[in-house]
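S.K.: build me a structure from this.
(one chain, ligands or ions: 3)
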Amino acid sequence: MVIGVPKEIKNNENRVALTPAGVQELVKFNHTLYVQSTAGIGSGFSDDEYRAAGAEILPTIEDVYGIADMIMKVKEPIAPEYGLIRENQLLFTYFHFASSRELTEAMIERRAVCLAYETVEKADRSLPLLIPMSEVAGRMAIQEGAKYLEKPLKGRGILLGGVPGVPPAKVLILGGGVVGTQAAKMAAGLGAQVTILDVSLPRLRYLSDIMPANVITRMSNDYTIRELVKDHDLIVGAVLIPGAKAPNLITRDMLKTMRPGTVLVDVAVDQGGCIETCKPTTHENPTYIIDDVVHYCVANMPGAVPYTSTQALTNATLPYALQLANKGWQQACQDSAELRLGLNVVQGEVVYQGVSDAFNLPYTPLERVMSGAYSS
Ligand SMILES: NC(=O)C1=CN([C@@H]2O[C@H](COP(=O)(O)OP(=O)(O)OC[C@H]3O[C@@H](n4cnc5c(N)ncnc54)[C@H](O)[C@@H]3O)[C@@H](O)[C@H]2O)C=CC1
Ligand SMILES: CC(=O)C(=O)O
Ligand SMILES: [Mg+2]
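M.R.: Ligands and ions are numbered 1, 2, ... in the order given. This is a model prediction of the structure:
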C-alpha cells in the first residue's frame, strides 16, 4: 500500500504520525512510504532519518495527499486540508467528530474512509489508540494546572504540595479513567490533596486500592460536584463517553461559587468538554478567564511534548497500521472488531452512532458500507 505521512499543521502540533522505526516496519512489509519534508522535525526526527528507514521525502502536503492510499496523521484534518482529501482515501488519525459538525460534514462531503484512533476499541472496552495520549495528557494536566495556579498567571497563588506547616492545594478530578488516573498519580506525588470522581463503582474501588492515602474517591453526581468545586484549587475534566459529546458536569452557574483563581483544565475538550464554559484553546493562547476562574482547554495537549508523545503514539498505532496496510481497510475491518469500531464516516455515510447522535445526522449501519462477513 502507498502510505503518506503529512506534516501536522494545527497550532503547535509538533507530533508526527510515524517515527523512523515505524516507517522501517511498514517498509519491511513492502509498503511504500512517503513522508512530507520536515514532518518529523518537531519530534526530533530529520528527513535523513526517514530516508534511511526507507521512506521517500516529498516537498509539499499536496504531494503527500495526492499520492497516498492511506494517510496517517495525528490530529483531525483542519480546513486547509479538507480539499486535499480524495474519495475512498483511508484516513487513519484522531478525529473527535462529536465535537465538530464542520469536520463531520466536510468528511461526509469528501467521501473518504475515516478510521478514528479514539474509537478503536478492544473487547474489554479499552481504547488502545487513545490510551497513550491520555497518559500524556493526564500527566500534563497537573504540570499545566500547577503552573496556572501561580499568581502571575492569574491563579490563586497556591503551591500544589504546600510546605511544612501550610496545607497543600486541593485537586478535583472528574473521571477516573486513563487521564484521571495519571493526573491523580502526578498530583498525589507532588503532595496535593486529591479527590477523584467517577460514575463507575468498580473503577472507584480499583482506584481506592491502588492510590496513595492522599487520594480519595467519590461517586460522581451533580450534588457532590456542586459541593466540591467550592473549595478545590485545581479541577481536571477527564470524563469520556466514547465517540460521544462529553456531558457538562460543571455548569456556568457553578463558576461563581468557586474561589477566585481556581484553575480548570478540561482535558475532555476534544470531545466537546465537560465544563459548560469550555471552548478549545491552543498552546499559543492556552487560557482565558471567566468569573475569575482560569480555563485551560488545549485540545492537543500532547503536541507540546512531542519527543514523548510521537514515540508513545507510534508504539500503539503501528500494529493497527500494519493490519490496514497489509489487508486493505475492508478486509482488515472484517477481520478485526477492534478496527471496525474505529470506522466513523465511510464514503459519505456516518457509521458511528455517537457521531450521528451528536448532530442528528442519519446513521448507516456498517454492514451497508462493508462487503463480506465479519470473522471476529
Ligand atoms: N486535550 C487533549 O489533548 C487530550 C484529550 N483527551 C481526552 O480526555 C478524555 C478522557 O480520556 P480517557 O481518560 O482516556 O477516557 P477513559 O475512558 O479512560 O476514562 C473516562 C472515565 O470517565 C468516567 N465517566 C463517564 N461519565 C462520567 C461522569 N458523569 N462523572 C464522572 N466520571 C465519568 C468513566 O467511567 C471513565 O472512567 C477524552 O475525551 C479524551 O479524548 C485524551 C488525550 C489528549
Ligand atoms: C487524543 C488527542 O486528542 C490528542 O492526542 O491530541
Ligand atoms: Mg485532543
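S.K.: what about the stretch 101-250 of the chain, any weak spots by pLDDT?
M.R.: Filtered on pLDDT under 70, the stretch 101-250 of the chain yields no residues whatsoever.
S.K.: all strands of it, in order?
M.R.: Applying DSSP state E, counting those that start in this stretch to the stretch 101-250 of the chain gives strands spanning 113-116, 170-174, 193-198, 215-219, 234-237.
S.K.: how about a markdown table for the ones you listed, with mean neighbour count added?
M.R.: For the C-beta atoms, the positions are set from N, CA and C on the backbone; glycine is no exception. Conversion of these to a markdown table gives the following (neighbours: other CB atoms under 10 Å):
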| stretch | mean neighbour count |
| --- | --- |
| strand 113-116 | 26 |
| strand 170-174 | 27 |
| strand 193-198 | 24 |
| strand 215-219 | 17 |
| strand 234-237 | 29 |
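S.K.: can you say which of those is nearest to ligand 1?
M.R.: For ligand 1, the closest of the strands of the stretch 101-250 of the chain is strand 193-198, at 4.3 Å, according to CB to the nearest ligand atom.
S.K.: re earlier: so can I have TSV of the strands of the stretch 101-250 of the chain showing distance to ligand 1?
M.R.: Putting the strands of the stretch 101-250 of the chain into TSV (distance: least, CB to the nearest ligand atom, whole Å) gives the following:
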stretch	distance to ligand 1
strand 113-116	10
strand 170-174	5
strand 193-198	4
strand 215-219	9
strand 234-237	8
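S.K.: okay, those in CSV with distance to Thr364 next?
M.R.: Shown next, in CSV, are these (distance: least, CB to CB, whole Å):
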stretch, distance to Thr364
strand 113-116, 13
strand 170-174, 33
strand 193-198, 33
strand 215-219, 37
strand 234-237, 32
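S.K.: distance to ligand 3 for those - can I get that in a markdown table?
M.R.: Converted to a markdown table, those look like this (distance: least, CB to the ion, whole Å):
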| stretch | distance to ligand 3 |
| --- | --- |
| strand 113-116 | 12 |
| strand 170-174 | 17 |
| strand 193-198 | 21 |
| strand 215-219 | 25 |
| strand 234-237 | 12 |
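S.K.: which pLDDT value goes with the residue in the stretch 251-376 of the chain that ligand 1 sits nearest to?
M.R.: The minimum distance from the stretch 251-376 of the chain to ligand 1, using CB to the nearest ligand atom, falls at Met301 (3.4 Å). Model confidence at Met301, expressed as pLDDT, equals 96.
S.K.: I'd assumed Ile9 was in contact with Lys73.
M.R.: No - taking contacts as CB atoms under 8 Å, Lys73 lies outside contact range of Ile9: 9.9 Å.
S.K.: could you check which of those two is surrounded by more residues?
M.R.: Set Lys73 next to Ile9 and count neighbours by other CB atoms under 10 Å: Lys73 wins out with 26 against 14.
S.K.: would you mind listing what in the protein touches ligand 1?
M.R.: The chain comes close to ligand 1 at residues 118, 130, 133-134, 137, 174-180, 197-200, 203, 220, 238-241, 246-247, 249, 267-271, 299-302, as judged by CB under 6 Å from any ligand atom.
S.K.: also near ligand 2: which of those residues, exactly?
M.R.: Here is what survives when the residues of the chain next to ligand 1 are matched to ligand 2 using CB under 6 Å from any ligand atom: 130, 133, 270, 300, 302.
S.K.: of all those residues, which two lie farthest apart?
M.R.: Within these, Leu130 and Asn300 form the most distant pair, 13.2 Å apart (CB to CB).
S.K.: which residue does this protein bring closest to ligand 3?
M.R.: Asp270 (3.3 Å; CB to the ion).
S.K.: ok, that residue - contacts?
M.R.: With contact set as CB atoms under 8 Å, 6 or more residues apart in numbering, Asp270 has these partners: 94, 96, 99, 118, 280, 299-300.
S.K.: just the buried subset of these, written out for PyMOL, thanks.
M.R.: The buried subset of the contacts of Asp270, as determined by 16 or more other CB atoms under 10 Å, is captured in PyMOL by this line:
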select buried, resi 94+96+99+118+299+300
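S.K.: ligand 2: which of the contacts of Asp270 is nearest?
M.R.: For the contacts of Asp270, the nearest to ligand 2 is Asn300 (3.9 Å; CB to the nearest ligand atom).
S.K.: hmm, Lys73 and the closest one touching each other?
M.R.: No - with contacts counted by CB under 8 Å, Asn300 stays clear of Lys73, the gap being 11.8 Å.
S.K.: which residues of this protein lie near ligand 3?
M.R.: Within reach of ligand 3 by CB under 5 Å from the ion, the chain has these residues: 270, 299-300.
S.K.: got JSON lines for the residues you listed, with distance to Pro77 and secondary structure too?
M.R.: Formatted as JSON lines, these follow (distance: CB to CB, whole Å; DSSP: H, G, I helix; E, B strand; the rest coil):
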{"residue": "Asp270", "distance to Pro77": "14", "secondary structure": "helix"}
{"residue": "Ala299", "distance to Pro77": "14", "secondary structure": "coil"}
{"residue": "Asn300", "distance to Pro77": "13", "secondary structure": "coil"}
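S.K.: now the helices for the stretch 1-150 of the chain?
M.R.: 20-28, 47-53, 61-67, 79-82, 101-110, 131-148 (DSSP state H, counting those that start in this stretch).
S.K.: which of these is buried the deepest?
M.R.: helix 131-148 (a mean of 23; mean count of other CB atoms under 10 Å).
S.K.: what sits up against it?
M.R.: 94, 153-155, 160, 171, 177-183, 185-187, 190, 234, 236, 238, 263, 265, 267, 286-287, 294, 296, 298, 301-302, 304-305, 308-309, 312-313, 315-316.
S.K.: quick one, phi psi at the spatially most distant residue from the centre of the chain?
M.R.: Of all residues in the chain, Gly165 has its C-alpha farthest from the mean position, at 39.0 Å, by CA atoms, centre = their mean. Gly165 adopts backbone torsions of phi 90, psi -10, taken as degrees, to the nearest 10.
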